[in-house]
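Student: quick one: sequence plus predicted model below, questions after.
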Amino acid sequence: MSESGETGASAPPAEPPAPDVGRAAGVSDLSLGLGIALFSLVLLAYEVVQIRVFAYSVNPAFVWSVIAITMLGFGIAGAVLSLSARLRRAPLGYVLAAGCVGFGLTGLAANVLFARTSHLMHFESSLASTFTFATIAVVVLATLPYACGGFVVGSILSRRSEAVGRLYAFNLVGSAAGCFAVNFLLRPLGAERLVLLLLAVGAASAGLFVESSRRALRWGVLGAGVLLALAALGGPSLLPFQPDAKDGLVRTAEIYREHGGGEPIREWEAWDPIGKIDITSWRGQSIWTPDPLPFKGYTQDGGASSVLVGLGAGHAARMKLFDDTVYGVAHQLRPGADTLVIGLGGGPDIQSALQHGARSVVGVEINRSAAEAVRGPFSKFVGDAYNKPNVQILVQDGRSYARATSRRFDVMQMSGTDTLTVQSSGSFVMAESYLYTVEAFEDYLRLLRPDGMLAIVRFGAEPYRLGAIATTALRHLGVARPDLCVVVLSQARMKLSLVKKVPFAPGELDAIDRIVMRSASSNEGIAFPPYDIYGLRFGDPLVRLYAPDRPGNEPEMNRLFGAIRDRQDPGLRVVPTDDRPFYFAVDLVNYFTGGPVNPAAGAQVGAYMRFMGILVAVAVVLIVVPLLAFRARRLRSRGALPALAYFFLIGVCFMLLEVGLLQKSVLIVEHPAYSVSIVLASLLLSSALGSWLSSRVRLSPRAIVGLAAAVIGVVGGAYVLVLTPLFDALLAWPFALRMAAVVVIVAPLGTAMGVFFPTGLRRLGEGGGPLAPWAYGVNGFASVLGTVLSMPLAVLFGFTTVFAIAVGAYLLAAVAFLGFPREA
């Protein structure tokens, strides 16, 4: 397995292969290279789309286990290749054909099972109940396609150790292309058809590995690919992926069903790299204001919910929903405003701004499919809100827009906007968001005119965090008394935080109190079924939790803002920043820092840690223990421990460095889905260049590794110090230039990182052949471990520290290389 942890397995030969086994007769080096590139493209694209499917269908904690499962499959393949002399001596064409077809068939079986049992996969508080039989079965089956993929890539690289640099470069180039494939193919094909298409291409790619004289075998593998491709035509029926059984879409349907609401009607759905959109309705259900209004439910990845409110067909009733509720307070205080809305969902914030006579509205939505749905097929239903002459809808990340635009606004509103959609990057950042950090609020406040207002609707106890974030940002902007610039209102479980750059005037506070008092009667009769079932009741009156220097504030709010006024510790363990953007994960942060944890959240985090711990244990049992049992004598070889330390370190630190680069780049490439494409592709392509250069330069192996380590130390060390302010400065650049800048930033590190693995393999091939199986197994185990460690390290220390740890580990790996066995 490569230390990148993103491509197939690679195992150097433990013993010389039999004659004519190392290369398939009749298969050229070019065909072998093209074959490994195509298969690596498929393998990485399959991993990315599987993460997207898991994001829709299961608990977030399971999603990131896909990465560890991938590493585990590759590691198992390498261990089996190392321990099986029969496999190492079998004709290469047969081994590769079996691996390719096995990838297709086991992938089909795994996805068919997953689509029908994902609702049974869940985390509970105890070890015994965390892992259901369905979970175990899915995890075991999900490992097999990666094990088959590991056999393919590992067999090629181990049989052709003399060409490992060139072939490894093909491997990485194919993987880099796979990073982009999903972004281009997911929307037109959907996840169901794309999964089957990738399995088909993976199986059919065996045709590039089978010599032309073996026509029956070649036609057989091509036939398997064709059958899988035909299955893709009926993708949704063969793979009926369902939303997470504990998410909003399923729970809402269950509640409606219990109350006689019937089955939901799925009116529209679309797979998007950002998140899957579902728009549903129920017969006979309306919003009551008290006049009946039709509505449609909106969810992203089954959980992040919004609503499409039916204002079309000439409906003239006054919209109480948008008056004395959390949706409308800011607009009542600033009627006729120039308004910015970030995170549109089904568009109610746009409708609310228009209801209050906004002069202009800019709506920023990162999910293209969501924007197209409301602007297109559902435009008439929502009163053509997105197509009004004074409304501009932009498909863009809200944070990058806030930094780049020169426009200024009277109101900026975010209602329930979050990025609790799963990334494709492979790091466990279950609840991170760059929309709710200190630096983000500084950007938002700069967007406002002098008397402008920031309005944020969140839930539960979140206003305490928002208050700390907002006041910290205000202090950074030079505001002496930020506690005078915040008002917090409550409506059932919904909380509205209003923030200004200047203190609220007494007249504004009086106006807010009048709205609060009026809401007790004006909101009476509002019934909003999609939200009422979760305690988000718009029929409830508004309640003031905090207003500066006003009696009747909530005591805990007074304590918080009093501490802020006196420049004392507000009592929050972590105020989210761009380096530690764990706004939603307060329980996750507290779990690792010893703070109070919500029991349900603590159970989920604990279950995740147990699950990942079991994956590490399985990696030990299936990779390390077999090698101990059958190859322990090889540990007595001279230089064994330094060699194993080398491969262990590069396995761990590649994963950690990848996480650091991906996370630090999310801001300027706008979303993790794009970060994984541009950053990982740049990393793999530059690593391919490094792999190729390592086999071409006329230097000793020690000199090559030493030079690569020096580059990582100097460049990586500089990035630890300047990458955050550098990326902050790049945020205002045009998107294309930001992407180009990321490529330039990643390339030096990637090139140096690509040197380590093939140079180590060649060195073992020259003088430490008996250590090769062990080196491979330890590297596979280390990659699993690196995946597991990325989340707690990022939570405890921040992504910059994770980056620094990875750089240091590469330097230690270079030191370990000095103890390698001498060349034969």
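Tutor: That came through fine. These numbers were taken from a predicted model, which means no experiment stands behind them.
Student: and after the strand or helix carrying residue 517, which helix or strand comes next?
Tutor: Assessed by DSSP states H and E, residue 517 sits inside helix 506-522. Next along the chain after helix 506-522, taking DSSP H and E as the criterion, comes helix 529-532.
Student: tell me the mean pLDDT over the very next helix or strand once past that following helix?
Tutor: Counting by DSSP H and E, the element after helix 529-532 in chain order, helix or strand, is strand 543-546. For strand 543-546, the mean per-residue pLDDT is 96.
Student: same check on stretch 522-538?
Tutor: Mean predicted confidence for stretch 522-538 is 82.
Student: could you number the chain from 59 rather than 1 from now on?
Tutor: Got it, the first residue is 59 from now on, which makes the last one we talked about stretch 580-596.
Student: what's it in contact with?
Tutor: When contacts are defined by CB atoms under 8 Å, 6 or more residues apart in numbering, stretch 580-596 is touched by residues 306, 310, 313-314, 343-348, 353, 355, 363, 365, 378-379, 381-383, 517, 549-552, 597-600. To be clear about C-beta, it is placed using only N, CA and C from the backbone, and glycine gets the same treatment.
Student: now residue 342, what's its secondary structure?
Tutor: State at residue 342, reduced to three classes by DSSP: H, G, I helix; E, B strand; the rest coil: coil.
Student: thinking again about what came up before, can you select the buried ones among the contacts of stretch 580-596 for me in PyMOL?
Tutor: With 16 or more other CB atoms under 10 Å as the criterion, this PyMOL line picks the buried residues out of the contacts of stretch 580-596:
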select buried, resi 306+310+314+343+345+346+347+353+355+363+365+378+379+381+382+383+549+550+552+597+598+599+600
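Student: in strands, which of the contacts of stretch 580-596 appear?
Tutor: The strands, defined by DSSP state E, take in 344-346, 353, 355, 363, 365, 517, 549, 552 from the contacts of stretch 580-596.
Student: could you dump these to TSV with distance to residue 178?
Tutor: Formatted as TSV, the ones in strands among the contacts of stretch 580-596 follow (distance: CB to CB, whole Å):
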residue	distance to residue 178
344	34
345	34
346	37
353	31
355	24
363	23
365	29
517	28
549	36
552	33
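Student: and these, which two are furthest apart?
Tutor: Greatest spatial distance in the ones in strands among the contacts of stretch 580-596: 344 and 517, 24.1 Å, computed using CB to CB.
Student: list the buried ones in stretch 587-598?
Tutor: By neighbour count with 16+ other CB under 10 Å, stretch 587-598 contains the buried residues 587-592, 594-598.
Student: re the thing from before, out of the ones in strands among the contacts of stretch 580-596, which is nearest to residue 105?
Tutor: Looking across these and measuring by CB to CB, the closest to residue 105 is residue 363, at 28.3 Å.
Student: who's in contact with that closest one?
Tutor: Contacts of residue 363 by CB under 8 Å, 6+ apart are 306-307, 310, 355-357, 403, 474, 588.
Student: repeat the analysis, applying 7 Å as the threshold.
Tutor: Residues counted as contacts of residue 363 (CB atoms under 7 Å, 6 or more residues apart in numbering) are 306, 356-357.
Student: so which of the residues you listed sits lowest on pLDDT?
Tutor: residue 306 (72).
Student: contact partners for that residue?
Tutor: 357, 360-361, 363.
Student: for the residue lying closest to it once chain neighbours are set aside, list each beta-bridge partner.
Tutor: With sequence-adjacent residues excluded and distances taken as CB to CB, 6 or more residues apart in numbering, residue 306 is closest to residue 363, at 4.6 Å. In this structure, residue 363 bridges to residue 357 when assessed by DSSP bridges.
Student: can you classify residue 472 by secondary structure?
Tutor: Three-state call for residue 472 (three-state DSSP): strand.
Student: follow-up on the earlier one: of all the contacts of residue 306, which two lie farthest apart?
Tutor: Checking these against each other with CB to CB, the farthest-apart pair comes out as 360 and 363, at 9.2 Å.
Student: buried set for the one helix or strand residue 163 maps to?
Tutor: In this assignment (DSSP H and E), residue 163 forms part of helix 150-175. Across helix 150-175, burial judged by 16+ other CB under 10 Å covers 150-151, 153-166, 168-169, 171-173, 175.
Student: stretch 292-306 too?
Tutor: Applying 16+ other CB under 10 Å to stretch 292-306 flags 293, 296-297, 299-303, 305-306 as buried.
Student: can you give me the offset of that stretch from its chain's centre?
Tutor: 20 Å (CA atoms, centre = their mean, to the nearest Å).
Student: who are the contact partners of residue 325?
Tutor: 337-339, 354.
Student: per-residue pLDDT of the closest residue to residue 161 other than its chain neighbours, please?
Tutor: Using CB to CB, 6+ apart and skipping residues adjacent in sequence, the residue nearest residue 161 is residue 206, 4.1 Å away. Looking at residue 206, its pLDDT is 93.
Student: on that earlier part again, how close does the residue nearest to residue 306 sit to residue 246?
Tutor: Distance of residue 363 to residue 246, computed by CB to CB, to the nearest Å: 26 Å.
Student: residue 169 now?
Tutor: From residue 169 to residue 246 the distance is 19 Å (CB to CB).
Student: hang on, residue 421 in a strand?
Tutor: Yes - counting by three-state DSSP, residue 421 is located in a strand.
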